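Engineer: this is the structure alone, sequence omitted:
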């Protein structure tokens, strides 16, 4: 087993290197939930680019459903004025005032003012991304699922603080729109991946030679992942460092959408065994959690 220093070094490399550098020449046997297809519409290319950024979850595999759809982006720009009321000096005057206690007379300077209302340009840019997605069987073309997602974001600029002194600059609506679309497409991509969830089968399990682990494999073959997860959890109460049970339980967590717990199980398995299977799983989930800013 590697020393503590070497393990720390391995994990440091894993967190800092891209997937290709961490797993040279290794392609995970784990199939993604979907094959990434085309997205039409004016916002289709932006969404497709964000989904492709999660490439570990979109590996072409026979039998995996095909994810396609249409994405549209609407940009609205509204201009308005912010009215600020201030006092403006009209003139200065010299006045004589008497101190009622001493009877002395003093000369004081006074100002005559008036209220002035000033308008400062204010701009609000709002973007709405609508995604109609479909999951279909690539062989039969049958529809497996569909839905609509909608996201809204806005940017505001101007008003008194930005424009006083004549330094205010109007935002370029197209540049703001591109920034908003990029932000909203990232949110849509993360939700599409989370909703679809990875598709695992018996062949994706880490081989187990123990009787309980083999029984769990039989349950997976029948589609009973819940029952198998109970057996893997029981195995870990007996041996907390049993890598196959940790890895297989991570597959279950990942399939259920709990990527943080899956990451923890994959990490513990990798600490025990730095084999390609465990390395690829930990790298895959690390990549997605990093994209979602949820990496522990």
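Structural biologist: Yes, it's here. The shown structure was predicted, so the numbers you read here are calculated from the model rather than taken from an experiment. Numbers count the residues shown, from 1 in each chain.

Engineer: check the separation of the first and last residues in stretch 38-51.
Structural biologist: Using C-alpha to C-alpha, to the nearest Å, one end of stretch 38-51 lies 11 Å from the other.

Engineer: now do the helices in this protein.
Structural biologist: Residue ranges of the helices in the chain, as given by DSSP state H, are 4-16, 19-22, 44-52, 159-163, 173-196, 211-221, 225-238, 243-255, 259-272, 276-291.

Engineer: so which of these is nearest residue 149?
Structural biologist: Across those, the minimum distance to residue 149, taken as C-beta to C-beta, is reached by helix 173-196, at 5.6 Å. Using the backbone N, CA and C atoms, a C-beta is placed for each residue, glycine as well.

Engineer: burial count for the closest residue to residue 77 other than its chain neighbours?
Structural biologist: Once flanking residues are discounted, residue 77 sits nearest to residue 173: 4.6 Å by C-beta to C-beta, 6 or more residues apart in numbering. Other residues near residue 173 come to 15 when the count uses other C-beta atoms under 10 Å.

Engineer: swap in residue 268?
Structural biologist: Residue 268 is flanked by 20 other residues according to other C-beta under 10 Å.

Engineer: got the contact list for the residue lying closest to it once chain neighbours are set aside?
Structural biologist: Counting by C-beta to C-beta, 6+ apart, the nearest residue to residue 268 once its immediate chain neighbours are dropped is residue 246, at 5.0 Å. Contacts of residue 246 were listed using C-beta atoms under 8 Å, 6 or more residues apart in numbering, and they are 236, 265-266, 268-269, 272.

Engineer: again, 10 Å this time
Structural biologist: Contacts here follow C-beta atoms under 10 Å, 6 or more residues apart in numbering; on that basis residue 246 touches 206, 232, 235-236, 239-240, 264-273, 278.

Engineer: and the residue nearest to residue 77, what pLDDT?
Structural biologist: Confidence per residue is given as pLDDT, and for residue 173 that number is 75.

Engineer: so what's it up against?
Structural biologist: The contact partners of residue 173, taken as C-beta under 10 Å, 6+ apart, are 75-77, 123, 125, 127, 155.

Engineer: surely residue 53 touches residue 189?
Structural biologist: Yes: at 7.2 Å, residue 53 counts as touching residue 189 under the criterion of C-beta atoms under 10 Å.
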